[in-house]
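> sequence first, predicted coordinates after that:
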Amino acid sequence: MKRIIGSLLFLIVLALGWAVYQGTLRYNAQRSGGGETSSTDLAAGNNANTVAQPAPVNIAKPSPAVPDGFVPNRDTLKSILTNGVVRVSVENPSRPFYSEDQGKPQGFNVDFANLLFAQKEFTSGDHGRIVIDTYHGVDTYPDVPAQLMKTDPHGNAVVDIAMDGLTFPDNTPDGVVYSVPYVEDFGYALIVPHNSSVRSAADVAGKTIGVLQGDPDVKAYVTKAFPNSRIVELSDASIGGERSWMAHFLDSHQVDAIVYDYPFGVSEIKGTDLRFAVTKLDGSNLAYKIGVRKEDSALLIYLNSAIAKVKQTPEYLDLLRKYFVSDQVIVASASGAERTYVVRSGDTLNVIASSMLGSGSRYVEIQKRNNLANPNLILIGQHLVIPQR
C-alpha cells in the first residue's frame, strides 16, 4: 500500500511540475511577442501587423489618466479608440495653453482637446468618450514634438499626439507631421512698459527690440520687419521669484520693446504693468498645429476633420475669448470723424464693417484701429472705434 501511495504522490508532483513548466513557456512567449494569441489581443484589435504586448499588469501605469487595462498598439488611432484615451505631449507650464493647478490640467489646449475628441470621428470606438491624458509634460518647446519619437522599454510609443501651439514645418523633428491649424489668425505682438512712448510699429524704428532666445522664427521676422533696430535675444529662464522675464528686461530698460507671440503674451504680461502696443504686427501670422507621427496618416485625417468641425462651433469662439482677450491693450480714443460702436449679440467684425463702413471686407480696418489680435476677439458691450467712412 505504501508503494502505491508513493507512486500516486510522485505522479501528482510530476503533473504539477509539467503544468508550471507549460505556464512559464506561455508567459515568456507572450512577453517576447510570440506564442498563442490571447483574448486580450483579440479584444484590442491586434492583427498580423501589430506586435503582441505584455499584459497590462506588467506595464507601469504612465499617468493617472490612463485607465486600467490599457493595451499599447502600434496603430495610434486604433489605440485611442480601443483604449478610450489619448496621451498628449505638452510643455508644462506654457500658459495660457497648458498648466497644472494642484495637479489638475487646465488651459486652452485642455478645453479644446475635450471638444476635439468629442467629435464623431473619435466616439465610434469601444469607449465612446475619450479621456484626455496630458500628464506627459516636458520642459522645453522643441521637446513637445520630439517626445512623439520616444518609446518605453517595450518599444511602445509614450504619447499619441503633440499639442502646444506648435508652428514647426512637417518632418521637424524627423518623422513628425502636423495637422491643419487649430488656432490661427494671431500674430507677433509688440509689448512695451505702460509709460513707453512706443505706440506703433513705426515708433520702434532704431530702438532695441528683445526676442525670445531660441526662437529663430521671431528673430527672422524682426530682422526683416525692423532692419534699423538692434535685436537682443532674451532668456526666459527664472529671473527670481514669480516675476515675468519680460517685465525684468523692459522695466530695467535693457530693451525698449519685446516682440512675442500674442497668445502666449496674454498670460505672460498679466499682472504686470506691461501693455500690448500692437497686438498683431503686419506680415505676421501664427498657425498653431497638432503633431503626430508620420506613419499615423489615418489619425491625421481624423484630426483634420474634427478640427474643422470644432472651429465652426460657438464653443470654439467662447474658448478664444476666454483665453486670449486681454485688458492690457493700448487703444486710442475716437477722434475727428471717427465713431464709437457698442458690440451687440450676434455681431462679427464683418457684419459691423458692412453696416458701418459699407463693406464687410473693411473689417480689417476696424481690427487694426482697435488693436484687436484676432477678428473673433470682440465681446458684447465692448466699445469699438469705427474709422472714418
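Cool, got the structure. Everything numeric here is computed off the predicted structure, so don't read it as measured data. Numbers count the residues shown, from 1 in each chain.

> what comes into contact with whichever strand or helix holds V88?
Under the criterion of DSSP states H and E, V88 resides in strand 85-91. With CB atoms under 8 Å, 6 or more residues apart in numbering as the test, strand 85-91 has contacts from 62-63, 65-67, 70, 80, 97-98, 109, 113, 117, 122, 130-134, 136-141, 143-145, 147-148, 158-164, 291. Quick note: C-beta positions are derived from backbone N, CA and C, even for glycine.

> among those residues, name the buried ones.
By neighbour count, with 16 or more other CB atoms under 10 Å, the contacts of strand 85-91 hold 62, 65-66, 70, 80, 97-98, 109, 113, 117, 122, 130-134, 136-138, 141, 143-145, 147-148, 158-164, 291 as buried.

> how far away is T123 from S79?
16 Å (CB to CB, to the nearest Å).

> more neighbours, these two?
The neighbour comparison of T123 against S79 (other CB atoms under 10 Å) goes to S79, with 26 against 13.

> in strands only, show me the contacts of strand 85-91.
Counted as lying in strands by DSSP state E, out of the contacts of strand 85-91, are V131, I132, D133, G137, V138, I161, A162, M163, D164, G291.

> now flag whichever of those residues is closest to S333.
Checking these against S333 by CB to CB gives D164 as the nearest, at 37.7 Å.

> gap between that closest one and G271?
Where G271 is concerned, D164 sits at a distance of 22 Å (CB to CB).

> what do you get for L372?
Relative to G271, L372 is positioned 22 Å away (CB to CB).

> ok, these two, which is more surrounded?
L372 (22 against 12).

> got the buried residues for stretch 307-317?
I307, V310, K311, Y316.

> out of these, which sit inside strands?
Per DSSP E, the subset of these in strands is empty.

> same list (these) but as CSV, adding pLDDT and distance to D296.
Below are these laid out as CSV (pLDDT from 0 to 100; distance: CB to CB, whole Å):
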residue, pLDDT, distance to D296
I307, 98, 15
V310, 98, 19
K311, 98, 21
Y316, 98, 24
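
> break the protein into its domains for me.
As given by automatic domain parsing, the domain ranges for the chain are 2-36, 56-184+288-324, 188-284, 339-386.

> check contacts around P93.
Here P93 is in contact with S99, E100 (CB under 8 Å, 6+ apart).

> how close does it get to V255?
Counting by CB to CB - P93 and V255 are separated by 24 Å.

> same question for I191.
From I191 over to V255 (counting by CB to CB), the distance is 10 Å.

> same check, this time on N228
15 Å.

> about what we covered before: nearest to A277, of the ones in strands among the contacts of strand 85-91?
D164 (26.4 Å).

> ok, the closest one touching F97?
Yes. In this structure, D164 is within contact of F97 by CB atoms under 8 Å, at 6.0 Å.

> quickly list what's touching both of the two.
Contacts common to D164 and F97, judged by CB under 8 Å, 6+ apart, are V90, N109.

> can you show me the helices along the stretch 101-250 of the chain?
Along the stretch 101-250 of the chain, counting by DSSP state H, counting those that start in this stretch, helices occupy 108-116, 143-146, 216-225, 245-251.

> this completes my enquiry, with thanks.
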